[in-house]
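[1] Sharing a model prediction with you, sequence too.
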Amino acid sequence: MKKIVLTAVATAALAPLCATAQADTHSSETASADMYVQFTAGKGKHNLSGLTAAQAAAFDKDVSTMSLIVGMDLNETFAIEGFYKNLGKSKFIDGTTLTGKSMGIAVNAGTDLTEDFRGFLRVGYGSWKTKSTTNDDGTDILYGAGVEYKLTETTAIVAGYEYGKAKKSNVTDTYLGVKYRF
């Protein structure tokens, strides 16, 4: 719980810096709104370390994922984002389940590939929590890459891949989503 509070405090501390950085950008330099919200859904994998061969064979590591991202453009290249990710539910053959959640902050660096396509890289830091027969939590980094296709000035389709750590294990996420600027 302390790590979640620490992440929330860090996000709140960085929010005023976003407004300051945006104030230095001339209004003609940005073609659309500065704030955005993004919803994604995807397929992920829980890759647990330390499993025996029998445990690994009895573990269904494929999961469905969802995330909500709220971001603000700092300039034409960089944006800062706050995120919440539901990392899905995986199962062992005996019925034991493992669920995971994560929240944190990330930096998104992107560039226009064409007039409608934009490529981006994300690097973030977040707190995570898992529940199973035992509960665990911690903080780690995540990173990923993706593309977005602009449908209108305010709406885009987003596709990407992310990799996140949770102690010695990791979670991957291949997703598709919608981004809306306001």
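    Now that the structure is in, tell me what you want to look at.

[2] Just the helices from this protein, written as ranges.
    2-23, 53-57 (DSSP state H).

[3] Least reliable of these by average pLDDT, please.
    Across the helices of the chain, helix 2-23 has the smallest mean pLDDT, namely a mean of 47.

[4] Under the pLDDT cut-off, which ranges of the protein? List them.
    Across the chain, the stretches falling below the confidence threshold (pLDDT under 70) are 1-32.

[5] go again using 50 as the cut-off
    Counting by pLDDT under 50, the chain contains low-confidence residues at 5-6, 8-31.

[6] Closest to the centroid, which residue in it?
    The central residue of the chain, meaning the one whose C-alpha is nearest the mean C-alpha position (C-alpha atoms, centre = their mean), is residue 83 at 5.7 Å.

[7] Leaving out sequence neighbours, find the closest residue to that one.
    The spatial neighbour of residue 83 that comes closest, neighbours along the chain excluded (C-beta to C-beta, 6 or more residues apart in numbering), is residue 69 at 4.6 Å. Bear in mind the C-beta positions are built from the backbone N, C-alpha and C, glycine included.

[8] and what of residue 87?
    With C-beta to C-beta, 6+ apart as the criterion, residue 87 has its nearest non-adjacent residue at 3.4 Å, and that residue is residue 100.

[9] try residue 175
    residue 42 (3.0 Å).

[10] how much space between the one you found and residue 158?
    Shown here: residue 42 relative to residue 158, a distance of 11 Å by C-beta to C-beta, to the nearest Å.
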